[in-house]
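K.L.:
Structure for the following, please:
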Amino acid sequence: MDLADKKLGLMLSTGPEHTQNLDTAVALSEAARARGASVYLYLIDDGVRAMEDERVRTLPERGVKLFVCAYGCQKRRIPLDDPDLVTYCGLVVLTDVINATDRFIALN
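P.N.:
Next up is the predicted model:
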């Protein structure tokens, strides 16, 4: 099924140690992109630490729009680097992703 006109929103709030959530976020992102959907992944709370995972860091190269909570990074002393790779933002953007996507999945 072609999903070219569909949008999938994902939110990951758990850290990389919760491998099931991280694996699910990456797999869903890759599968949806492979079928032509637009994918928006928002990392929040401990999920900002998923930026350490190479699979997450390469998602934007495959067309996934990657948003990272700037406050979550600040609170965990994670530098706001790679501005060309990700968009550092706040909850307003998360709200926009929730409202603008056809499906939204929260991995908590």
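
K.L.:
Ala106 contacts Thr14, correct?
P.N.:
No: Ala106 is beyond contact range of Thr14, at 10.3 Å (criterion: Cβ atoms under 8 Å). From N, CA and C alone the C-beta is placed, and that goes for glycine too.

K.L.:
Quick check on these two: which one has the bigger neighbour count.
P.N.:
Set Ala106 next to Thr14 and count neighbours by other Cβ atoms under 10 Å: Thr14 wins out with 20 against 14.

K.L.:
give the contact list for Val64.
P.N.:
Taking Cβ atoms under 8 Å, 6 or more residues apart in numbering, we find Val64 in contact with 29, 33, 39-41.

K.L.:
can you pull up the bridge partners for Leu12?
P.N.:
Counting by DSSP bridges, Leu12 is bridged to Leu43, Leu107.

K.L.:
any idea how far it is from Cys89?
P.N.:
Using Cβ to Cβ, to the nearest Å, Leu12 is found at 15 Å from Cys89.

K.L.:
same check, this time on Arg49
P.N.:
With Cβ to Cβ as the criterion, Arg49 and Cys89 are 17 Å apart.

K.L.:
the more surrounded of those two?
P.N.:
Arg49 (20 against 16).

K.L.:
helix/strand/coil for the more buried one?
P.N.:
Under DSSP: H, G, I helix; E, B strand; the rest coil, Arg49 falls in the helix class.

K.L.:
from what I can see it touches Cys73, true?
P.N.:
No: if you go by Cβ under 8 Å, Arg49 and Cys73 don't touch, sitting 9.1 Å apart.

K.L.:
got the CA coordinates for stretch 44-52 in CSV?
P.N.:
This file holds the C-alpha atoms of stretch 44-52, laid out as CSV (Å, rounded to 0.1, in the frame of the first residue of the first chain):
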residue,chain,number,x,y,z
ILE,A,44,11.3,14.0,24.7
ASP,A,45,12.3,13.4,28.3
ASP,A,46,14.8,10.5,28.5
GLY,A,47,14.1,9.9,24.8
VAL,A,48,16.5,12.7,23.9
ARG,A,49,19.3,10.3,24.9
ALA,A,50,18.3,8.2,21.9
MET,A,51,20.3,10.6,19.8
GLU,A,52,23.3,8.5,21.0
